[in-house]
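Enquirer: sequence plus the predicted model coming up.
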Amino acid sequence: VGGGLAFLGVGSRFDYVDTAPSSTAGVAVGVVFGLLWAVVGGLAATSALGNDTALWLPVAVLVGGAGFLASVLPSEDVGSTLPVAGILILLGGFVTVGGINAGWTWSPAWSSAEFPGSELVPILVVFGTLLGAWSAGKAKAGFGAEGRQTGAYYLVGSVVFGMLGVLVLLVAFVVTNGLETMLTGASLTGGRLTLPVVGVRLPWPEFPFLLNQTGGLYVEIPGVLPALIGTLWLVFGAVSFAVPLGIGAAVFLTEYAERGRFTQVVEVATNGLWSTPSIVFGLFGLAFLVPRISGGNSIIVGQLVLGFMLLPLVLITSREAILAVPDAHRDASAALGVTKWQTIRSVVLPAAMPGTITGVILGVGRIAGETAPLLLVFGGAPYPSDSPNVLGSFQLSAQPPFVTNEALLSPASALPYQLYSTIKAGVFPKEIFTNTEFGWGTALVLLLVVVGLYAVGVGSRLYFRRKLHE
């Protein structure tokens, strides 16, 4: 890549390549290249002269200044290609001759950390790729304004591809480490499903890790069913609490409240709440909700805490989605003689629903994996032997509050809390799994749950969008 960039820069300078470069690459490019060359000079001086600051710092300054001048003084074609080509050629040559390899270790004097070559080489290659893509994009478009735009597109595209690559690697890493644990004892036909009335038993898939209890004397393959059900109840309660309140507040602020100091204060407050660390919500639940509702850790307090965390994002996204609905829709509805509330209910909210669901999807993805607040207000036994029976615990009484539910007022387990407990416990109570194996299996199930919730949200958004277009 470095050789190709050098050829393009020199070819453009001597009119072998048809380009239209500007008179200079610009001060901003010069500053970036100067800093890069200063790093190169500093590293070279450190290797040759030692870690003494008085020795390598002047060299870094001189080399950085030369890099800045080499980028700013010539025309754009030379100034934006040759400095990059020099860095890439030096980097590639140093790696090729074995100056940096998997067994090499960098121990800088300013830190006690050690950086192995097995990690530095890929980082340097990715960095060189981004730098080369930017410079090559400019050259491909002939430099000038169009070249700078093309280079920016190449750079942004490379960064996006790199981010997606990291995401794929993370998912693949979790799947690789947790798949064997999750599929322990699984069989496509090992289970039996008894049909009602007729009493016929049919083969049915069996997944012990997903459907078994975590603790208990008679559990051969411990599973994550209590934590899985606890996670779903948490998400359901948080969404049921936050979505109606968030959408209602967004409708009031957008359609009824006048733009002024009040709405500005609400905007600042909601943005601040969304950026508040989750542990603060957990402390709020521990100090304010627990003494007044359950007296200890419970499912309902966990639902309320996660609901408070979700509420700001629902309000922000719902308000933006409502504001994005064209006023022509409202005017057309008002021209038919319907009331303002009917217009909001039948025209504005359906049009804003895809944007609102997007906010809910993002929020659910965050709260489903939260651990810190659950440690304070939700978590119970690390390895529960039964699942929370919320639906079967409702009881009616003639005294306030008239409806009680012991399951909602009791602690439970959730997948992130289960994962934390497994890592912290030290010794897993069942010999079939180690703590590490059970933790990776739990992490994979949590990942699948989050992806499933995303899929439900995306499907709902597509449904409302298609319905809106029809």
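Expert: Great, that's in hand.
Enquirer: count of residues packed around the nearest residue to Leu124 once chain neighbours are set aside?
Expert: Spatial nearest neighbour of Leu124, excluding adjacent residues (Cβ to Cβ, 6 or more residues apart in numbering): Leu91 at 5.9 Å. All C-beta spots, glycine's among them, are computed from the backbone N, C-alpha and C. Leu91 has 21 neighbours, counted by other Cβ atoms under 10 Å.
Enquirer: so how far is Ile100 from Leu91?
Expert: 9 Å (Cβ to Cβ, to the nearest Å).
Enquirer: got any residues that touch both of those two?
Expert: Leu124 (Cβ atoms under 8 Å, 6 or more residues apart in numbering).
Enquirer: how about Ser203, secondary structure?
Expert: Just to correct that, residue 203 is Pro rather than Ser. Put simply, Pro203 is strand when judged by DSSP: H, G, I helix; E, B strand; the rest coil.
Enquirer: next up, the contacts around the closest residue to Ile367 other than its chain neighbours.
Expert: Nearest non-adjacent residue to Ile367, counting by Cβ to Cβ, 6+ apart: Leu306, 4.3 Å away. For Leu306, the contacting residues are 234-235, 237-238, 281, 367, 370, 373, by Cβ under 8 Å, 6+ apart.
Enquirer: can you check Phe464 too?
Expert: Here Phe464 is in contact with 350, 353-354, 357 (Cβ under 8 Å, 6+ apart).
Enquirer: of those residues - the most surrounded one?
Expert: Most neighbours among the contacts of Phe464, by other Cβ under 10 Å: Ile357, with 24 neighbours.
Enquirer: so for the one helix or strand that residue maps to, mean pLDDT?
Expert: Taking DSSP states H and E as the criterion, Ile357 maps to helix 349-367. Helix 349-367 shows a mean pLDDT of 87.
Enquirer: show me what the lengthiest strand in the chain is packed up against.
Expert: Counting by DSSP state E, the longest strand found in the chain is strand 187-194. In terms of contacts (3 or more Cβ pairs under 8 Å, 6 or more residues apart in numbering; DSSP states H and E), strand 187-194 is packed against strand 201-206.
Enquirer: the same query, at a cut-off of 10 Å, please.
Expert: For strand 187-194, the packing partners by 3 or more Cβ pairs under 10 Å, 6 or more residues apart in numbering; DSSP states H and E come out as strand 201-206, helix 208-211.
Enquirer: can you tell me which of these is most buried?
Expert: Among those, helix 208-211 has the highest mean neighbour count (mean count of other Cβ atoms under 10 Å), at a mean of 19.
Enquirer: now that helix - C-alpha only, CSV.
Expert: Only the C-alpha atoms of helix 208-211 are listed here, as CSV (Å, rounded to 0.1, in the frame of the first residue of the first chain):
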residue,chain,number,x,y,z
PRO,A,208,-31.7,-29.1,29.9
PHE,A,209,-29.5,-26.0,30.2
LEU,A,210,-32.4,-23.8,29.2
LEU,A,211,-35.3,-25.6,30.9
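Enquirer: in the very next helix or strand once past it, what counts as buried?
Expert: Scanning forward in sequence from helix 208-211 by DSSP H and E, the next helix or strand is helix 225-251. Using 16 or more other Cβ atoms under 10 Å as the test for burial, helix 225-251 gives 225-235, 237-239, 241-243, 245-247, 249-251.
Enquirer: from the contact counts, what lies against helix 225-251?
Expert: helix 208-211, helix 261-274, helix 299-323, helix 349-367, helix 372-377, helix 415-425, helix 435-469.
Enquirer: let's go with 8 Å and repeat that
Expert: helix 208-211, helix 299-323, helix 349-367, helix 415-425, helix 435-469.
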